[in-house]
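K.L.:
Starting from these lines, generate the structure:
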Amino acid sequence: MTSKKQTLVTLDMEGVLTPEAWIAVAEATGIEALRRTTRDEPDYDVLMRYRLDLLKENGVTLSKMQEVVGALGVKDGALEFLDELRELTQVAILSDTFEQFAAPFMRQLKYPMLLCHRFAVEDDMVVDYEIRVPDPKRKAVAAFRSLNYQVIAAGDSYNDTSMLIEADDGFLIHAPDKVKADFPQFEAAESLEELLGLIKGVL
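P.N.:
Numbering: from 1, shown residues only. Take a look at the predicted model:
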């Protein structure tokens, strides 16, 4: 049965549509500890304080990070996936990335709507980070639902699960086994093509 509501899909960015920017910075700088992500540390503030300390200790500038991220491409098939999805419904990217990180990716993905955070920068060093609002992914989904949208959400990490719970339909994509085991209520896709099929099934 076709829903009478308009639909909107919310997607995480890193690990779903793009590589993990922090992992790329870790590889480029040799700072292995920067490989830690929300898959490993669910508490986002703990993770970010840890990252900022590492950047300061190692003298890694914002310019260096932008250079690294700017050289990355999006995941194979990501643009085609988004293009097909955008022919079916509205799409919003809900990410715990930062404006300064995401710009090269957004250009490659034809500038989808992105709601994310931003770095606080002094003398080319990231000194802090600015959260737009606490628990932004869940609140965005709740806001879209309050506007009478049927929201379908997909993500890969612990920090995506609150928006999956809040959505009308939630799916995991490229998720680690531990996340899938902890949240068995969400059907898990292993490719963007498979995810597209799951989304089409509830549109």
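K.L.:
what's next to stretch 134-149, contact-wise?
P.N.:
5-8, 10, 12, 90, 92, 94, 96, 115, 117, 133, 151, 153, 155, 159-160, 162-163, 165-168 (C-beta atoms under 8 Å, 6 or more residues apart in numbering). To be clear about C-beta, it is placed using only N, CA and C from the backbone, and glycine gets the same treatment.
K.L.:
do that again at 7 Å, thanks
P.N.:
Stretch 134-149 is contacted from outside by 5-8, 10, 94, 115, 133, 151, 153, 160, 162-163, 166-167, using C-beta atoms under 7 Å, 6 or more residues apart in numbering.
K.L.:
Inside strands: which ones of those residues?
P.N.:
The strands, defined by DSSP state E, take in 6-8, 10, 94, 115, 151, 153 from those.
K.L.:
out of those, who has the most neighbours?
P.N.:
When neighbours are counted by other C-beta atoms under 10 Å, residue 153 leads the ones in strands among the contacts of stretch 134-149 with 30 neighbours.
K.L.:
ok, it - contacts?
P.N.:
So residue 153 contacts 10, 141, 163-164, 167, 170 (C-beta under 7 Å, 6+ apart).
K.L.:
Figure out the helix or strand that residue 51 lives in.
P.N.:
helix 44-58 (DSSP states H and E).
K.L.:
and the next helix or strand after that helix, how far from the chain's centre?
P.N.:
Downstream of helix 44-58, the first helix or strand assigned by DSSP H and E is helix 62-70. A distance of 18 Å separates the centroid of the chain from that of helix 62-70, by C-alpha atoms, centre = their mean, to the nearest Å.
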